[in-house]
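Asks: below is the structure, and that's it, no one-letter string:
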């Protein structure tokens, strides 16, 4: 088993979502001692945002790209290859201003590639990253789960599903901004959820 953990907190190791993702990965490693784990911290090793240069590189035929465009595209291709090679993805997801972090959005933009990770067919779009289990470790300052203010869960479920990843488990630690007691209660509840995750 290959586990790819993506930490998308701007706070790197000190982020609550990183702590939660670490707990998920440790649980999986305990269940599968031979599993290989790769961690990509997007705060320390960020992916470039999808700007004009990136879009231009994507829409330039491969044999006409400049060396700079080749280098830009290669960053996305390397990330796609890591995702394709993984059996399990663990995403550490903070909530910033009711949405996902720019770090996570850049990761999604990096791996969403027409003809590579999804394609359009006569029957509609088809995701090409299949056969993977995804654990989404969500840490939030307030309490948003199952409320209209939770834009993250439906967005991530849709975009992951669009890419073919439909076996998705969400783990929540909420109330991170409500004091130390709330933090510990949230992590304790999340650890119970993690302990009962499918093997």
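Replies: Alright, I've got the coordinates. Keep in mind the model is a prediction, meaning the values are calculated, not measured. Residues are numbered from 1 along each chain as shown.

Asks: quick one: the residue of the chain most remote from its centre from residue 115, how far?
Replies: Within the chain, residue 64 marks the point farthest from the mean C-alpha position, 31.6 Å out by Cα atoms, centre = their mean. From residue 64 over to residue 115 the distance is 17 Å, taken as Cβ to Cβ, to the nearest Å. From N, CA and C alone the C-beta is placed, and that goes for glycine too.

Asks: next: residue 67.
Replies: In terms of Cβ to Cβ, residue 67 sits 23 Å off from residue 115.

Asks: check residue 198 too.
Replies: In terms of Cβ to Cβ, residue 198 sits 32 Å off from residue 115.

Asks: same check, this time on residue 177
Replies: Residue 177 is 42 Å from residue 115, by Cβ to Cβ.

Asks: between these two, who's got more neighbours?
Replies: Taking neighbours as other Cβ atoms under 10 Å, residue 177 and residue 115 compare with residue 177 leading, 12 against 8.

Asks: what residues are up against that one?
Replies: 141-142 (Cβ atoms under 8 Å, 6 or more residues apart in numbering).

Asks: so it sits in a helix?
Replies: No - assigned with DSSP: H, G, I helix; E, B strand; the rest coil, residue 177 falls outside any helix and is coil.

Asks: can you show me the strands along this structure?
Replies: Listed in chain order, the strands of the chain (DSSP state E) span 2-7, 36-41, 88-94, 118-121, 124-127, 133-139, 167-173.

Asks: who does the fifth one pair up with?
Replies: Looking at strand 124-127 with DSSP bridges, its paired strands and their directions are strand 118-121 (antiparallel).

Asks: go on, the third one?
Replies: Based on DSSP bridges, the pairing partners of strand 88-94 within the sheet are strand 2-7 (parallel), strand 133-139 (parallel).

Asks: now do it against strand 167-173, angle only.
Replies: 30 degrees (axes from the mean of the first three to the mean of the last three Cα atoms, to 10 degrees).

Asks: what angle do strand 88-94 and strand 36-41 make?
Replies: Using the same axes, to 10 degrees: strand 88-94 against strand 36-41 is 30 degrees.

Asks: strand 88-94 - what's its average pLDDT?
Replies: Averaged across strand 88-94, pLDDT comes to 98.

Asks: likewise for the second one?
Replies: Here strand 36-41 scores 98 as its mean pLDDT.

Asks: packing partners of that strand?
Replies: strand 2-7, helix 16-31, helix 67-85 (3 or more Cβ pairs under 8 Å, 6 or more residues apart in numbering; DSSP states H and E).

Asks: out of these, which is the most enclosed?
Replies: Neighbour counts (mean count of other Cβ atoms under 10 Å) averaged over each of the helices and strands packed on strand 36-41 peak at strand 2-7, with a mean of 22.

Asks: now do that one, average pLDDT.
Replies: 98.

Asks: just stretch 128-137 next, same as before
Replies: For stretch 128-137, the per-residue pLDDT averages 97.

Asks: quick one: buried residues of that stretch?
Replies: 129, 132-137 (16 or more other Cβ atoms under 10 Å).
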